[in-house]
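Student: Just the structure for this:
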Amino acid sequence: MRHHTMSPLLVAGSLLMAACGGADTAGETDAMDEAQATGAVAAGGLSCHLAGATPEEAAERPSPLRQTRFTFEGGQGLLCYGAPSARGREIMGGLVPYGMPWRAGANEATALHLTAPATVGGVSLQAGSYSLYTIPGEDEWEFFINSNWERWGIEISAEVRATEMDSFTVTPTSTDGMVETLSYTFVPNSEDTGGDIVMEWENTRLSFPVEGG
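Tutor: Model prediction:
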């Protein structure tokens with residue numbers, strides 16, 4: 001995996017709520033807090049942005065909002081993404097074309113929220129909120145970290161790309177079998193300092209590390 005190191009970026013506190021209290025469970029959850037105001041879904045003190053939809057509406061989408069919560073040394077994180085399904089379509093190289101920017105999910109931008117400094121794919125980040133998108137390739141995927149996260153996921157225009165902060169690359173591997181619906185999971189490491197975010201869809205698996213920064 002190749003990565004670049006960036007200078008820390010101060011992110012306004014309004015983009016991130018205070019760190020969660022109490023224990024948290026790493027992994028994926030579809031739970032949504034119906035008590036939250038329209039336009040956000042909360043999980044453990046961190047919020048997923050919704051563009052013009054209520055949590056109930058987001059849950060009924062063809063590609064519903066999903067959340068992956070995780071912990072790393074010194075902090076907690078939340079990954080928010082829309083989860084499309086294959087439904088008989090060719091995904092990699094088809095619905096997701098090689099060599100073109102893809103939002104790495106559906107609907108709103110795939111978003112990463114951190115309560116403390118961390119390194120993601122080898123890129124140093126301050127506590128805050130970011131969007132992720134990628135340019136897939138048959139042999140290598142490049143993931144981009146962007147400071148603009150409260151937006152619809154497409155189009156990934158020149159204006160959106162102007163706020164790219166850094167990137168890292170991942171080598172894809174094959175899954176054990178067909179994965180019908182896009183998923184992100186978190187696999188803790190043995191040192192309890194972080195772990196790997198794992199993306200799987202169709203027959204493709206990608207993994208990148210998150211460590212306390």
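Student: Now do the helices in the chain.
Tutor: Assigned helices in the chain, in chain order: 55-59, 158-161 (criterion: DSSP state H).
Student: just checking, what packs against the shortest one?
Tutor: Spelled out, that is helix 158-161. With contacts defined as 3 or more Cβ pairs under 8 Å, 6 or more residues apart in numbering; DSSP states H and E, helix 158-161 has these neighbours: strand 141-146. Bear in mind the C-beta positions are built from the backbone N, C-alpha and C, glycine included.
Student: what packs against the strand ranked longest in the chain?
Tutor: The longest strand of the chain (DSSP state E) is strand 194-212. Judged by 3+ Cβ pairs under 8 Å, 6+ apart, strand 194-212 is in contact with strand 65-72, strand 75-82, strand 118-120, strand 164-170, strand 173-188.
Student: quick one: contacts of the shortest one?
Tutor: Strand 118-120 is touched from outside by 72, 74-75, 77, 112, 114, 125, 145, 168, 194, 208-213, with contacts defined as Cβ atoms under 8 Å, 6 or more residues apart in numbering.
Student: Lowest-confidence one in the residues you listed?
Tutor: Ranked by pLDDT, the contacts of strand 118-120 bottom out at Gly213 (81).
Student: That one: neighbouring residues, count only.
Tutor: Using other Cβ atoms under 10 Å, Gly213 has 20 other residues around it.
Student: Distance of it relative to Thr193?
Tutor: Distance of Gly213 to Thr193, given as Cβ to Cβ, to the nearest Å: 10 Å.
Student: Would you mind putting the CA coordinates of the longest strand of the chain into PDB?
Tutor: Output of strand 194-212 as PDB, limited to C-alpha atoms (Å, rounded to 0.1, in the frame of the first residue of the first chain):
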ATOM      1  CA  GLY A 194      -7.000   0.200  15.800                       C
ATOM      2  CA  GLY A 195      -7.700  -2.200  13.000                       C
ATOM      3  CA  ASP A 196      -8.700  -2.500   9.300                       C
ATOM      4  CA  ILE A 197     -11.800  -1.100   7.600                       C
ATOM      5  CA  VAL A 198     -12.800  -3.700   5.100                       C
ATOM      6  CA  MET A 199     -15.000  -3.000   2.000                       C
ATOM      7  CA  GLU A 200     -16.600  -5.900   0.200                       C
ATOM      8  CA  TRP A 201     -18.900  -6.000  -2.800                       C
ATOM      9  CA  GLU A 202     -19.500  -8.500  -5.600                       C
ATOM     10  CA  ASN A 203     -16.200 -10.500  -5.600                       C
ATOM     11  CA  THR A 204     -13.900  -7.600  -4.500                       C
ATOM     12  CA  ARG A 205     -12.400  -7.000  -1.100                       C
ATOM     13  CA  LEU A 206     -10.400  -4.000   0.000                       C
ATOM     14  CA  SER A 207      -8.800  -3.300   3.300                       C
ATOM     15  CA  PHE A 208      -7.100  -0.200   4.800                       C
ATOM     16  CA  PRO A 209      -5.800   0.400   8.400                       C
ATOM     17  CA  VAL A 210      -7.000   2.900  10.900                       C
ATOM     18  CA  GLU A 211      -4.600   3.600  13.900                       C
ATOM     19  CA  GLY A 212      -4.600   6.100  16.700                       C
END
